[in-house]
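J.: Predicted structure and sequence below. I'll ask about it afterward.
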Amino acid sequence: MPAVNRSPVVYTPSTVSELLELRTRMPQATIWAGGTALMSRYYFYPYPLSRDIISLGKVAELSRITRTERYLDIGSTATIEQILTVGHHILPPLLARALRQIGPPTLTSRATIGGNLCIPDLRLNLSASLSLFQVQVELRGGKRFGQQSRWIPLNRLYQKEGGLLIQDHEVLTRIRITFDEGDFQQFQQIGFPYRYPEEAVLFSLFARHSQSSVSDYRLAFTFPRIGIFRDRDIESAVTNQSLPLMHGDIAEISDLLRRSLHHFSSRIAPIQYARSIRAFERSLTLLNTRSVSR
Amino acid sequence: MNITCTINGKQAVYQVSSDMPLLDLLIDNAHITSLRPGCRKGHCGSCIVLIDDRPALSCLVPVFDIRGRDIITFERFQRTRDSTDIRKGFEQAEAVPCSYCYPSKTLITHGIISRNVNPEPDEILAAFALHACTCLEPDQVVRGVLQAGSYRGRRRKYARSK
Amino acid sequence: MAQKSRYISGMYRPNMLYGTIIRSPINRGRITSIDIPPMGDDVVVVRASDIPGSNGLRILKETLPLLTGETIHYLGQPILAVFAPTLEDAKVHASSVAIQFDTIPPDMEDRGIFTDRTVTHGDIDKALMDHPRVVERSYLTRELESSYTAPTGALSYPEDDRVIIHASTQWPFHVRDSVAEVCGLQKRRISVYTTPYSPNYGEKLVYPSMYACLTALASIKSGRPARLISRFPALSPRITVLRKTALDESGIPCAEDILVTADVGAYPLFAEEITEHLRCGVMGYIPLDHYRIRVKTLHSPHPPRYHFDGFGYPSALFSSESHISEICYDQEVNPAQWRLNQYTSQQLHLLNGASMGETPLEEVIQRVVKESAFNRKFAVCKINQVQRSSHASFRGYLRGIGIASGFAPNGFSRNYPWEKLYSVQVRLDENNRLSIHTSLCNSGASYTWRRTSSEILGIPEENIEVVYGGTRELPNSGPHILSRDISIITPLIRRCCESIKSQRFKEPLPIIVKRGFKAKSHEPIQEFHRFKPFTTACWGAVVVELEVDSVSFMPEFRGIWCAIDCGRLFNEEVLRNNLRTKLLKILHLAVGGRITPDYMPKVEIQFVDRGSSVPLSGSQVLVGLFYAAFTSALSQALDRSITELPITPPDILAQLEDL
């Protein structure tokens, strides 16, 4: 092996405590879950500045999935395939669809939920979709920092502009999803978030409605390179609306979304902007159809 | 880093960088000839191997993760009865993949019918969704996989009855 | 035969060195210094100064530098190659080489013209002035990048006093000749074997020769086998066609001014042939008294361009057929009906008056029109288009249907002087076994050749073999491009077999017959009027129906209907499958890669059988016609002129102004 090429040292902790100790000792090391996102970067190998690796593959606790009556507790290294298998009958349609659209089994058998949530510069299918439910994530820090565990709502994992808010000594260990019953759920991947992130939009919608009104409405857009957009004003504007929505109502709420997206980020490309508006309008039209057909 | 693993039934030790993709190790160090290094980003699905009997994209697997694991490539797999089921299935369905993607399509098919010999068409198409080679139409792929599953099912049944 | 099925990435020799190329990170500049640190005995660095022969690959009249001496002419130009016992070592050593450059400022870039040919007939300027109705459009095919294909590379090793080369090349004799010139070796000491290169876009025509030269140099220097595989992006030329067409009172073209420019990168490869193909492709099927066709190939600081599916012909055909549809839309005429009205004549003529003889053009149009229910759908889309204008476009259907028809040549033009150097050989031995010898043995056309030979000589197909071998054993049959394997080599094999048939039972066995291409006598190019530049033509028609998704702005294909005259059909199903695969590849290119690999619209392909004895390849005509029918359908769906390819969702959005 040439002297100039340093093979990264791979640490394989088998318990969370070992992991946290390593994390505290080497905050710059790469945390390696499934590695699918890391390895698909063109500069990945051979990369002269490769950092040491802390592989999570042997920490059994992190790949566990526990189900109670109230929630689903998913270890951060549970693979997408594992979640789809275990959660086959209980996953809300929105989540099931978001998980399935990540890729074929050759990919989902390696890609992990933690990896999907923690790619530093790219927000993918799960972040916004999970944020529509009551989702808490557990972050654990090393001994030096009191080995504390803290549970935070998923949306507090990210900055407004999409960046990760995990501290250097912390590791994402668990994701706890409390299910809500929603009778109108949609997940739509518009474009190719991995190949053309500047064009893609991921649309996640959760709603409860009766024949004549909307009682709960939650909506999020993911712009892969920018971040997650969620606006309570828009959600309130739809909630408690009478169904079917009139053409004027749709136009008015749509205008609200346009303004809100403009305020959210100047980096949204025209195609992402147009796709978001149209996906939103189409979903309202579909909601109308659903209410009429009840 | 020393990587000890079993490739096509033979245990071997390789001294390579720990973050090297398995694809590179198989081609450059183990001299496996059936692999097609396509996009190297997990987009084209041309570099499939079996890791512990499950299909995986070898460009997305780092070598440190294969320590102690069993890697089977098409070279070895094509000599098995499992492979014969798939070859016969695709031939029967008049849907033979091209020489470029034959190894990958065979191993993906093995991954599907190992779990379920009578999979749903959606399940089949989802498994092939990443595969960039368009030499077969989706319904040809579905027919081929179902036929292969049928051969596999019959063979298993026969083996059990004995 | 075992080697034949092995891709270059799967080829290995004991003690082999793996190579990587250090390429220029700048467009234009000068190398001021190269600092190579000590690398150990088992690492071989190949520099321009190591080349014993010529530092360049000769491609017909042009020379492409192998390694940069001093001046950099394009981004990605090879500077040196590093070979080491593992690829990882080679890449790491390559990253330790320090190269200093002086960048040449952009205003010093020379953007010259390689070729500039104009043919004029009549008084085009006056004709354009005299006719008040002139349709003017510019058609652009941007650089298209080939997607994941079998890797391009070469493996060389010394054996006795020879150098053996395996390369994923479409032109094995070019590899041999290049290695001989670069390494200063005699040609007879080099043997080149082709490895599979399918599926390809024509990107393995020249670069394998470059990689073969580098591996041969490394192999000679080290005495060890050397392999190099490169994934340098393969881009096609950027081609712009500007057309000004004067229409007479009945809306029929009567004069046309056409300007074609093709950016072929830093070095022209086949510039003369490109000119010829482009010039032929822009000619429509209405003879004109006044026309001017000017074709320019331009220089730019980009890598030499590949030629997907022919030397620019599909882009030129796209412009011709899209332009006809644009003329029809301007006059609010059904483009299928317009074509049928104009092309009813049994004797079809090109723009320059050259007779195409009896063609199946009318029949192929009729077929696709009927199968696709074109007239009904066109009317519906038209009504929808009119009604849509008063509403937000997403509430109406953005649906359209387009048609294109025409021909594409197979093989080189009549002006290509090297074709007569190429040949095939057929041998009938004492055991009544027939062997076909051609350097295109890896082309995939062997089924057709065996069937043809079997029919002529009555020998069972299992007794006919297409011999796989190297350049020492096989005759030079030229490059595998422009579907030459089907439409040029098959007739040569036929001629060999017919000759064997006449000698059989009269002459002692074995009988060996060799045949080469004889160019038919033709009018000199100076007399362009009535000149037909190609000997073979494959005719077809394509209809594309699509709808633009109102959320994603992606074209969703509702159906693609094709009718093609592929000459003699040996295996209809295989051919249909090949053409469908081709269609999906170009569909991928046409939408800038914005479809998933498993996207598969409804495709119907019909063949027209006119009792021809010679097979033709439909892939080139399919490409050009698909592009034209696709953009025409999109133009109708969006109610805008779509004249550029590829077209992506942001482009479609830019065309819609309702947001």
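T.: Looks like it arrived, so ask away.
J.: Spell out which residues belonging to chain B are near chain A, please.
T.: B:1, B:15-21, B:24, B:40-43, B:45, B:48, B:54-57, B:59-62, B:64-65, B:108, B:111, B:126-130 (C-beta under 8 Å from any C-beta of the partner chain). C-beta: built from backbone N, CA, C; applies to glycine.
J.: Among those residues, name the buried ones.
T.: By neighbour count, with 16 or more other C-beta atoms under 10 Å in any protein chain shown, those hold B:1, B:16-21, B:24, B:40-43, B:45, B:48, B:54-57, B:59-62, B:64-65, B:108, B:111, B:126-130 as buried.
J.: Please see if stretch C:547-561 touches chain B.
T.: No: residues of stretch C:547-561 contacting chain B under C-beta under 8 Å from any C-beta: none, with a closest distance of 12.9 Å.
J.: List the buried residues of that stretch.
T.: Judged by neighbour count (16+ other C-beta under 10 Å), stretch C:547-561 contains these buried residues: C:547-555, C:557-561.
J.: that older thread, show me the buried ones among the residues of chain B next to chain A that map onto strands.
T.: Among these, the members falling in strands (DSSP state E) are B:I48, B:R54, B:P55, B:A56, B:L57.
J.: So the third one sits against B:L107, correct?
T.: Spelled out, it's B:P55. Yes: using C-beta atoms under 8 Å, B:P55 is in contact with B:L107, at 5.0 Å.
J.: Overlap of the contact sets of these two?
T.: Common contact partners of B:P55 and B:L107 (C-beta atoms under 8 Å, 6 or more residues apart in numbering or on different chains): B:I48, B:V49.
J.: so who does residue 39 touch?
T.: You didn't say which chain, so I picked chain A. Contacts of A:M39 (C-beta under 8 Å, 6+ apart): A:Y45, B:P21, B:G42, B:C59, B:L60, B:V61, B:P62.
J.: actually chain C
T.: Contacts of C:M39 (C-beta under 8 Å, 6+ apart): C:V45, C:V82, C:A84, C:H93, C:S96.
J.: Closest residue of chain B to chain C?
T.: B:T33 (3.0 Å; C-beta to the nearest C-beta).
J.: and that residue, how many neighbours?
T.: Residues lying near B:T33 (other C-beta atoms under 10 Å in any protein chain shown) number 19.
J.: before we move on, what about C:L242?
T.: With other C-beta under 10 Å as criterion, C:L242 counts 16.
J.: Using PDB, write out the CA atom coordinates for the helix or strand hosting it.
T.: Per DSSP states H and E, C:L242 falls inside strand C:238-247. What follows is strand C:238-247 as a C-alpha-only set of coordinates in PDB (Å, rounded to 0.1, in the frame of the first residue of the first chain):
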ATOM      1  CA  ARG C 238     -23.800  20.700 -30.200                       C
ATOM      2  CA  ILE C 239     -25.700  21.200 -33.500                       C
ATOM      3  CA  THR C 240     -27.700  24.200 -34.500                       C
ATOM      4  CA  VAL C 241     -29.800  24.400 -37.700                       C
ATOM      5  CA  LEU C 242     -31.200  27.700 -38.700                       C
ATOM      6  CA  ARG C 243     -33.800  27.400 -41.400                       C
ATOM      7  CA  LYS C 244     -35.600  30.100 -43.400                       C
ATOM      8  CA  THR C 245     -38.300  28.800 -45.700                       C
ATOM      9  CA  ALA C 246     -40.300  30.800 -48.200                       C
ATOM     10  CA  LEU C 247     -43.800  29.400 -48.900                       C
END
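J.: and the next helix or strand after that strand, what does it pack onto?
T.: Where DSSP H and E defines the elements, the next helix or strand beyond strand C:238-247 is strand C:253-263. With contacts taken as 3 or more C-beta pairs under 8 Å, 6 or more residues apart in numbering or on different chains; DSSP states H and E, strand C:253-263 sits against helix C:124-130, strand C:238-247, helix C:271-281, strand C:290-298.
J.: Can you list the neighbours in contact with the second one?
T.: The set of residues external to strand C:238-247 that reach it, using C-beta under 8 Å, 6+ apart, is C:127-128, C:130-131, C:133-143, C:253-263, C:278, C:282, C:290, C:312, C:315-316, C:319, C:323, C:327.
J.: between it and strand C:290-298, what angle do the directions make?
T.: In terms of direction (axes from the mean of the first three to the mean of the last three C-alpha atoms, to 10 degrees), strand C:238-247 departs from strand C:290-298 by 170 degrees.
J.: pLDDT averaged over strand C:238-247 - what is it?
T.: Mean pLDDT, computed over strand C:238-247, is 97.
J.: Let me know the angle separating that strand from helix C:271-281.
T.: Using the same axes, to 10 degrees: strand C:238-247 against helix C:271-281 is 30 degrees.
J.: what lines up beside strand C:238-247 in the sheet?
T.: strand C:133-141 (antiparallel), strand C:253-263 (antiparallel) (DSSP bridges).
J.: and among those, the most buried is which?
T.: Mean neighbours per residue, mean count of other C-beta atoms under 10 Å in any protein chain shown, is largest over the strands paired with strand C:238-247 for strand C:253-263, with a mean of 23.
J.: Dump that one to PDB, restricted to CA.
T.: Extracted as PDB, the C-alpha positions of strand C:253-263 are listed here (Å, rounded to 0.1, in the frame of the first residue of the first chain):
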ATOM      1  CA  PRO C 253     -41.900  25.500 -49.500                       C
ATOM      2  CA  CYS C 254     -40.400  27.100 -52.600                       C
ATOM      3  CA  ALA C 255     -37.100  28.300 -51.300                       C
ATOM      4  CA  GLU C 256     -34.900  27.500 -48.300                       C
ATOM      5  CA  ASP C 257     -31.800  29.000 -46.700                       C
ATOM      6  CA  ILE C 258     -30.200  26.600 -44.200                       C
ATOM      7  CA  LEU C 259     -27.300  27.200 -41.900                       C
ATOM      8  CA  VAL C 260     -25.900  24.300 -39.900                       C
ATOM      9  CA  THR C 261     -23.200  24.800 -37.300                       C
ATOM     10  CA  ALA C 262     -21.700  21.800 -35.300                       C
ATOM     11  CA  ASP C 263     -19.400  22.400 -32.400                       C
END
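J.: what does the average pLDDT come to for it?
T.: 96.
J.: Off-centre distance for that strand?
T.: Put simply, strand C:253-263 sits 21 Å off its chain's centre (C-alpha atoms, centre = their mean, to the nearest Å).
J.: Quick one: name whatever helix or strand follows the helix or strand hosting A:V171.
T.: Per DSSP H and E, A:V171 falls inside strand A:170-178. Under the assignment DSSP H and E, the closest C-terminal helix or strand after strand A:170-178 is strand A:184-190.
J.: just how off-centre is that following strand within its chain?
T.: On C-alpha atoms, centre = their mean, the centre of strand A:184-190 falls 14 Å from the chain's centre.
J.: Identify the residues contacting the closest residue in space to B:G153 that isn't next to it in sequence.
T.: Once flanking residues are discounted, B:G153 sits nearest to B:V117: 3.8 Å by C-beta to C-beta, 6 or more residues apart in numbering or on different chains. By C-beta under 8 Å, 6+ apart, the contact list for B:V117 reads B:G149, B:S150, B:R152, B:G153, B:R156.
J.: Can you say which of those are buried?
T.: Of these, these count as buried by 16+ other C-beta under 10 Å: B:G149, B:S150, B:R152.
J.: same for the helix or strand hosting the second one, what does it pack against?
T.: Put plainly, it is B:S150. In the assignment (DSSP H and E), B:S150 maps to helix B:138-161. Here helix B:138-161 touches helix B:81-92, helix B:102-115, helix B:121-127, going by 3+ C-beta pairs under 8 Å, 6+ apart.
J.: now it against helix B:102-115, angle please.
T.: Using the same axes, to 10 degrees: helix B:138-161 against helix B:102-115 is 50 degrees.
J.: any low-confidence regions in chain B?
T.: Along chain B, no part satisfies pLDDT under 70.
J.: ok, back up a step: please report the distance of the residue nearest to B:G153 from C:Q425.
T.: 51 Å (C-beta to C-beta, to the nearest Å).
J.: so how far is the strand holding A:V171 off the chain centroid?
T.: 12 Å.
J.: which parts of that strand are buried?
T.: Buried residues in strand A:170-178 (16+ other C-beta under 10 Å): A:E170, A:V171, A:L172, A:T173, A:R174, A:I175, A:R176, A:I177.
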